[in-house]
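Engineer: just coords:
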């Protein structure tokens, strides 16, 4: 990939405004764009070459972007290019039941018309979001992309932080930010330990086409083995995130396409008519992993590197983007005040801002998964009554809608539609 900025001599890169981001997925590039707007020089180091990232089949997921996340993407200059491929989410329907038996009579229905801001969010496919991020990074001054390079060493002292790459070169800067996923090497090299567990579940992910229009409605159907999310995409298509026990998921994924659809059909139902696969199938193991700290000496963690949660509420990427917005704002404000952005006080503000929110989210998703992924009749009765009560209480329902839309809590400026 042509990138004139990458021609810099790596060993000589060391300024107080130089920020090193490890991880080229989604959060890392988004953070790089936000920080570049604030006047920082940013280097993104990605272990993958650029070609796999640009392959439309690289990742089969689609993302339920909350309205707050959409505002962030707009603020860093991405939304105009994404808008035509984004499907507004107008309603969310949550039901409980068994495959092939239909939902229980108790449910929750969240309608976007109960808030003033518009759709609760947008569904965007990974292939569109990833390509848009990469296109924008190429055109942004102050951003250097180093693809196909792994970090093998990491040191921090009073003068800055230095990373050793697998080709023996070094990159130096003021701060390193780990956006390198649930097994974050950045966190490990800093001695940050993790807390977490495996759910014994695997997500089966695919896109389907269907006869009937979805009308912008997202469905979450809770079954004893795990939730099934049916999320609207552009056209008569939906994204499926189907959680099953790991053993059963392995058996289902080994089926041919016809067998796979036969297993999905009784869980999906017939409310959208005939269904067909509309792309490749993917699987992702499910678990919870939390870094015991989000910061260390000249270091911060963002996204799954800090908190990997169950996709039961579709909050994984949204939480990561809230980290992005909060860290970018914290560092930009410190720069404007003449503070050292790498100081423990500055990085501590970021951790204080995000730590409680991410821990609460992890607890909530873990509780919901344990509460709903079983067939205990007493728990089943309790959760069904609870859903019915929430649905019947406008104030509670509106609170859940605002939470789903990413409009609650202490929002960073970018998520309020304000410039950084």
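Structural biologist: Good, I have the coordinates. Note that the coordinates shown come from a computational prediction; the quantities given were computed from them, not determined experimentally.
Engineer: and the spatially closest residue to residue 217 that is not a sequence neighbour, what are its bridge partners?
Structural biologist: The shortest distance from residue 217 to any non-neighbouring residue, by CB to CB, 6 or more residues apart in numbering, is to residue 91 (4.4 Å). The way it works is simple: take the backbone N, C-alpha and C, and place the C-beta from them, glycine included. Beta-bridge pairing of residue 91, defined through DSSP bridges, involves residue 111, residue 217.
Engineer: can you pull the contacts of residue 91?
Structural biologist: 109-112, 215-218 (CB atoms under 8 Å, 6 or more residues apart in numbering).
Engineer: Pull out the buried residues from the lengthiest helix in the chain.
Structural biologist: In terms of residue count, the longest helix belonging to the chain (DSSP state H) is helix 344-372. The neighbour-count check on helix 344-372 (16 or more other CB atoms under 10 Å) flags 346-347, 349-351, 353-355, 357-358, 361-362, 364-366, 368-369, 372 as buried.
Engineer: Number of residues surrounding residue 150?
Structural biologist: Residues near residue 150, counting by other CB atoms under 10 Å, number 15.
Engineer: Who are the contact partners of it?
Structural biologist: 47, 165-166.
Engineer: Let me know the distance separating residue 22 from residue 213.
Structural biologist: Using CB to CB, to the nearest Å, we find residue 22 at a distance of 42 Å from residue 213.
Engineer: neighbour count winner among these two?
Structural biologist: Between residue 22 and residue 213, residue 22 has the larger neighbour count (other CB under 10 Å), namely 30 against 12.
Engineer: Spit out the contact partners of the more buried one.
Structural biologist: Residues near residue 22 by CB under 8 Å, 6+ apart: 28, 45, 151, 163, 176-180, 185-186.
Engineer: what bridges to it?
Structural biologist: Applying DSSP bridges, one finds that residue 22 bridges with residue 45, residue 178.
Engineer: Would you mind measuring from it to residue 327?
Structural biologist: Per CB to CB, residue 22 is found 14 Å from residue 327.
Engineer: Residues in contact with both of those two, list them for me.
Structural biologist: Shared contacts of residue 22 and residue 327, counting by CB under 8 Å, 6+ apart, come down to residue 177.
Engineer: Isn't residue 145 up against residue 44?
Structural biologist: Yes - counting by CB atoms under 8 Å, residue 145 does reach residue 44; the two are 5.4 Å apart.
Engineer: overlap in contacts of these two?
Structural biologist: Joint contacts of residue 145 and residue 44 (CB under 8 Å, 6+ apart) are 24, 137.
Engineer: Go ahead and name everything in contact with stretch 155-172.
Structural biologist: The contact list for stretch 155-172 (CB under 8 Å, 6+ apart) reads 10-11, 13-14, 16, 18, 20, 22, 43, 45, 146, 149-154, 173-176, 190, 296-299, 342.
Engineer: now the residues you listed: which count as buried?
Structural biologist: The neighbour-count test (16+ other CB under 10 Å) marks 10, 13, 16, 18, 20, 22, 43, 45, 146, 149, 151, 154, 173-176, 190, 296-299, 342 as buried among the contacts of stretch 155-172.
Engineer: what ranges do the helices span in the stretch 251-400 of the chain?
Structural biologist: 257-268, 316-337, 344-372, 377-392, 394-404 (DSSP state H, counting those that start in this stretch).
Engineer: Which pLDDT does the model give the residue sitting nearest the centre point of the chain?
Structural biologist: With distances taken as CA atoms, centre = their mean, the chain has residue 317 as the residue nearest its mean C-alpha position (1.2 Å). pLDDT for residue 317: 94.
Engineer: What separation do you get for it and residue 82?
Structural biologist: Going from residue 317 to residue 82 by CB to CB gives 14 Å.
Engineer: cool, and residue 65?
Structural biologist: Look at residue 65 and residue 82: by CB to CB, they are 9 Å apart.
Engineer: Which one of the two is surrounded by more residues?
Structural biologist: For residue 65 versus residue 82, neighbours defined as other CB under 10 Å are more numerous around residue 65 (26 against 20).
Engineer: If you count contacts, what does the helix or strand harbouring that one end up packed against?
Structural biologist: Using DSSP states H and E, the element containing residue 65 is strand 62-66. If you count contacts as 3 or more CB pairs under 8 Å, 6 or more residues apart in numbering; DSSP states H and E, strand 62-66 packs onto strand 121-125, helix 126-138, strand 226-233, helix 316-337.
Engineer: Please state the offset of the last one from the chain centre?
Structural biologist: Right, the one you point to is helix 316-337. 15 Å (CA atoms, centre = their mean, to the nearest Å).
Engineer: That one vs helix 344-372, what angle?
Structural biologist: Between helix 316-337 and helix 344-372, the angle comes out at 170 degrees (axes from the mean of the first three to the mean of the last three CA atoms, to 10 degrees).
Engineer: can you state the direction angle for helix 316-337 and strand 121-125?
Structural biologist: 100 degrees.
Engineer: what comes up buried for stretch 399-408?
Structural biologist: Buried, per 16+ other CB under 10 Å, within stretch 399-408: 400-407.
Engineer: Repeat that for stretch 175-194.
Structural biologist: The neighbour-count check on stretch 175-194 (16+ other CB under 10 Å) flags 175-182, 184-187, 189-190, 192, 194 as buried.
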